[in-house]
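Undergrad: I would like to see how this sequence folds:
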Amino acid sequence: MLIQRVAALSITASLVPALVACGDSGTAQAPAALPVEATVVAEERFTEELNTVSTLESVEKVALAARAGGRIERILVQEGDAVQQGQLLVVLDQTQTQAQLAAARATMEQNKLDYKRFQWLAQQGAASDFQRDRFREAFIQSREQVRASEADLAFKDLRAPISGVVSDVDVKVGDVISEGTPFTRLIRNDRLQARVDVPAVYAPRVRIGQTVDIQSPGGGGTLASGRVSFVDPNVVADTQGLLVMSEFPNPGQDLRNGMRLRTRLVFDTREQLAVPFNSVIQTSGQSFIFRLGSLEDLRAQPGQLSEEQLAQLPADGTFALQTPVQLGFVQGDSYPVIKGVSSGEQVITTNLLKLRHGTPVEVK
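TA: Residues are numbered from 1 along each chain as shown. All right, here's what the predicted structure looks like:
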């Protein structure tokens, strides 16, 4: 703000470099060159991006529920345990189910014997095919009942459907749980997806494959990066937000399911001419820089300098040329240049408060 105000006063007060009186003769001469530093205008890489927030979600997470109800007999894990797929987690009371299975097996064995007997009798002509088929059907039905009872017994052993970490366990030994009621979750944090909230106005700019960076809460840099893998075709009416999904690996597992973090969505990256942040002054909403130029350049862009004043300047001197520029948004220490300066030109970066259009300068 100080630079802007002083620069504004300097420019509006006078655009003419001061002339110095020499001795008693009153002869005017050009002022001494002001020492400055300068840098060459060149291309830098700039990104068009959106800083928003996202909620992290595990790609693989399962709400663990019993496939059959019953009383809990054993709990073999606790919160925070890492388990492997297929590992036994909880055992339900199996007394009744085992008894049902034993009865079903006994019935099946009896029906099997009856079927074999009538099959032999039918071959000897002592029994009809109809009688044989009735016992065959009874045997098949009892065999299927055994399989169903075995499945019911297996449902009493609750095993991990995926590898992961056990979340809160909401039950204890002795509790009766119902079929389908979740009592804990298994979560894998080694691969996450970011649910990015994007304002709907940016919907036309979002594309599959764009970079998504998860930012450190304290501004310490990028924690993880991924690519846009899904763009919701719907916009949430209440929030006017667009859901964008991005998967990324989390080998260190420092990030966790449910975290909400700052996110950078990169729309585009391109090379563009740039000027340093400290070379720009703002006056009445207009951005200016000071280019280095020769006397010939100054004559082509004299501003308010008269011919008499230009004649006092050294022909081989270097001068500050105040130039309006159109800039993009600052990124890091540079502004992208949209209009006003060309590649290879030099812009002044120091002593801007003392500069006016046409000030003689000496590059240090």
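Undergrad: switch to C-alpha atoms for all contacts and neighbour counts from now on
TA: Will do.
Undergrad: How many residues are close by the nearest residue to residue 229 once chain neighbours are set aside?
TA: Excluding its sequence neighbours, the residue lying closest to residue 229 (CA to CA, 6 or more residues apart in numbering) is residue 246, at 5.2 Å. Neighbours of residue 246 under the rule other CA atoms under 10 Å: 24.
Undergrad: Beta-bridge partners for the closest residue to residue 173 other than its chain neighbours, please?
TA: Nearest in space to residue 173, with sequence neighbours left out and distances taken as CA to CA, 6+ apart, is residue 72 at 5.2 Å. Judged by DSSP bridges, the bridge partners of residue 72 are residue 92.
Undergrad: same question, residue 283
TA: residue 286.
Undergrad: next one: residue 245
TA: residue 195, residue 230.
Undergrad: wait, it sits on residue 231?
TA: Yes. Residue 245 lies in contact with residue 231 (CA atoms under 8 Å); the separation is 6.5 Å.
Undergrad: circling back to that earlier point, distance check, the residue nearest to residue 229 against residue 195.
TA: Residue 246 sits 7 Å away from residue 195, taking CA to CA, to the nearest Å as the criterion.
Undergrad: Also residue 320?
TA: 51 Å.
Undergrad: circling back to that earlier point, who has more neighbours, residue 245 and residue 231?
TA: Shown here are residue 245 and residue 231; by other CA under 10 Å, residue 245 has more neighbours (23 against 16).
Undergrad: for the lengthiest helix in the chain, packing partners?
TA: Across the chain, the helix with the greatest residue count (assigned by DSSP state H) is helix 95-124. Judged by 3 or more CA pairs under 8 Å, 6 or more residues apart in numbering; DSSP states H and E, helix 95-124 is in contact with helix 129-155.
Undergrad: elements contacting the helix it packs on?
TA: helix 95-124.
Undergrad: quick check: angle from the helix it packs on to helix 129-155?
TA: Angular relation of helix 95-124 and helix 129-155 on a 0 to 180 degree scale: 160 degrees, by axes from the mean of the first three to the mean of the last three CA atoms, to 10 degrees.
Undergrad: And helix 95-124, what's buried?
TA: Of all the residues in helix 95-124, those buried under the rule 16 or more other CA atoms under 10 Å are 97, 100-101, 104-105, 107-108, 111-112, 114-115, 118-119, 121-122.
Undergrad: swap in stretch 269-280?
TA: 272-276, 279-280.
Undergrad: tell me the least confident of those residues?
TA: Note: of those, the lowest pLDDT belongs to residue 272, at 90.
Undergrad: host element of that residue?
TA: strand 260-276 (DSSP states H and E).
Undergrad: Surely residue 324 touches residue 284?
TA: No. Residue 324 is beyond contact range of residue 284, at 11.7 Å (criterion: CA under 8 Å).
Undergrad: quick revisit: quick check: mean pLDDT of the longest helix of the chain?
TA: pLDDT averaged over helix 95-124 gives 87.
Undergrad: Over to stretch 179-194?
TA: Stretch 179-194 comes out at a mean pLDDT of 88.
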